[in-house]
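Chemist: here is my input, please return the structure:
(one chain, ligands or ions: 1)
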Amino acid sequence: MSEISDKKVFVTREHIIPDAIAHLKQFFDVAVWEERSAPPREVMLQKAQENDAIITEITDLVDKELLDKAPRLKIVANRAVGMDNIDIDEATKHGVLVSNTPGVLHESCADFTFGLMLSVARNITYGDRQIHAGEWKMFDQIPYLGTDVHGTTLGIVGMGLIGTAVARRARAFDMKVLYFSRTRRPEVEDQLGVEWKPDLDSVLSESDFVSLHVPLTAETEHIIGARELDLMQPHAFLINTTRGPTIDAGALYLALKAGTIKGAALDVTDPEPIPIDDPLLTLPNIVISPHIASASSSTIKKMGMLTAQNVIGALSGTQMPSCLNPEASKGA
Ligand code: GLV
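Modeler: Numbering: from 1, shown residues only. Below you'll find the predicted structure:
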């Protein structure tokens, strides 16, 4: 594509993907939401009506109401690998293509997963919190004694690209890796020596660290609740970089407080942002980050450019790199 077309694209956050926006401006009439916070619902409904493409963030809800108001909308391009903010079935019924950004963020997310594991198990964040609170008053390592990560057993729930990248890093830590996944991955078993378990319960009960890498769907909502936490070992840690609602937060609070498990590290919460008076924030044995597992400056650029390529593909009728519902195509 080289000409400016009259197709209209709306981007729900200007400051996140400036390179992608500059690229798209060569081809389309691009409008952006200039504030850092999400456009209000009424703006989204209006923009859906007026545009051929919308680039969304994970906090932008795309549901039947919005799609009903969007006669010319051809694509919703989510700048994320997760797509739980979009009703894909409804989009398909409305002939609206939906895309996400797989294949460019898994290594960054896997790095971050290890960051969380090390932070919580070795009390890195706890130690930092104590220092900032003025509590480091003498040389004494005993209050900060951690749990080794190397040589332990890691249970991966969801062996997609991110789970696989985590498993690859686990080899360098001499970890045994177990996994449970909707789709068994023999090639990953062969390459990385990971062991498939036919049920989630075995992964939970046999692992020292459990890391979640499943998308949020009706099946995975609260995949970890009180029963599952009970199955974990008292010295085990739970890591979550997927979506907050995969864990029952109330059950997690009780399990951490009672010592049912030793600690948790979450990059995602339910709701987000986590309210400052959330009981989880009163616990010493938890690390929480503000949903940034993919957010390295290099990866965010790649996500932006992939999102732009999806828009270009959809609006020009050429190949979209990562379309989730090709059957929705209305034809270019
Ligand atoms: C981030 O949460 C993503 O889904 O890419």
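Chemist: please enumerate the helices of the stretch 1-150 of the chain.
Modeler: Applying DSSP state H, counting those that start in this stretch to the stretch 1-150 of the chain gives helices spanning 18-25, 41-50, 64-68, 88-93, 106-121, 124-132.
Chemist: any idea how far the closest residue to Glu90 other than its chain neighbours lies from the ligand?
Modeler: Nearest non-adjacent residue to Glu90, counting by C-beta to C-beta, 6 or more residues apart in numbering: Lys64, 4.7 Å away. C-betas here are computed from N, CA, C, even on glycine. Distance, Lys64 to the ligand, using C-beta to the nearest ligand atom, to the nearest Å: 22 Å.
Chemist: pull the number of nearby residues for Lys64.
Modeler: 13 (other C-beta atoms under 10 Å).
Chemist: then Ser205?
Modeler: So Ser205, with other C-beta under 10 Å, has 17 neighbours.
Chemist: buried ones in the helix or strand containing it?
Modeler: Assigned by DSSP states H and E, Ser205 falls within helix 200-206. Neighbour counts using 16 or more other C-beta atoms under 10 Å place Leu200, Ser202, Val203, Leu204, Ser205, Glu206 of helix 200-206 among the buried residues.
Chemist: average pLDDT for that helix?
Modeler: In this model, helix 200-206 has an average pLDDT of 98.
Chemist: for stretch 4-17, same thing?
Modeler: Mean predicted confidence for stretch 4-17 is 94.
Chemist: residues contacting it, please?
Modeler: 21, 24, 26-34, 36, 38-39, 44, 47, 50-57, 60, 79, 300-301, 303-304, 307-308, 311, 315-316 (C-beta atoms under 8 Å, 6 or more residues apart in numbering).
Chemist: 7 Å instead?
Modeler: The list of residues contacting stretch 4-17 from outside it, by C-beta atoms under 7 Å, 6 or more residues apart in numbering, reads 21, 24, 27-34, 36, 38-39, 47, 50-57, 60, 79, 300, 304, 307, 311, 315.
Chemist: quick one: buried ones out of the residues you listed?
Modeler: 21, 24, 27-28, 30, 32-33, 38-39, 47, 51-57, 60, 79, 300, 304, 307, 311, 315.
Chemist: name the nearest residue to Ile223, ignoring sequence neighbours.
Modeler: Closest residue to Ile223 apart from its sequence neighbours, by C-beta to C-beta, 6+ apart: Thr246 at 5.3 Å.
Chemist: ok, now Thr183?
Modeler: Distance criterion C-beta to C-beta, 6+ apart; nearest residue to Thr183, sequence neighbours excluded, is Met159 at 7.6 Å.
Chemist: run a quick neighbour tally on the one you found.
Modeler: Neighbour count for Met159, taken as other C-beta under 10 Å: 25.
Chemist: keep only those of the buried ones among the contacts of stretch 4-17 that are in strands.
Modeler: Among these, the members found in strands (DSSP state E) are Val30, Val32, Ala53, Ile54, Ile55, Thr56.
Chemist: quick check, nearest of the residues you listed to the ligand?
Modeler: The ligand has its nearest neighbour among those in Thr56, at 11.3 Å by C-beta to the nearest ligand atom.
Chemist: ok, that closest one touching Leu66?
Modeler: No - using C-beta atoms under 7 Å, Thr56 makes no contact with Leu66, being 10.2 Å away.
Chemist: now stretch 250-264: buried residues?
Modeler: Within stretch 250-264, the residues scored as buried using 16+ other C-beta under 10 Å are Ala251, Leu252, Tyr253, Ala255, Leu256, Thr260, Ile261, Lys262, Gly263, Ala264.
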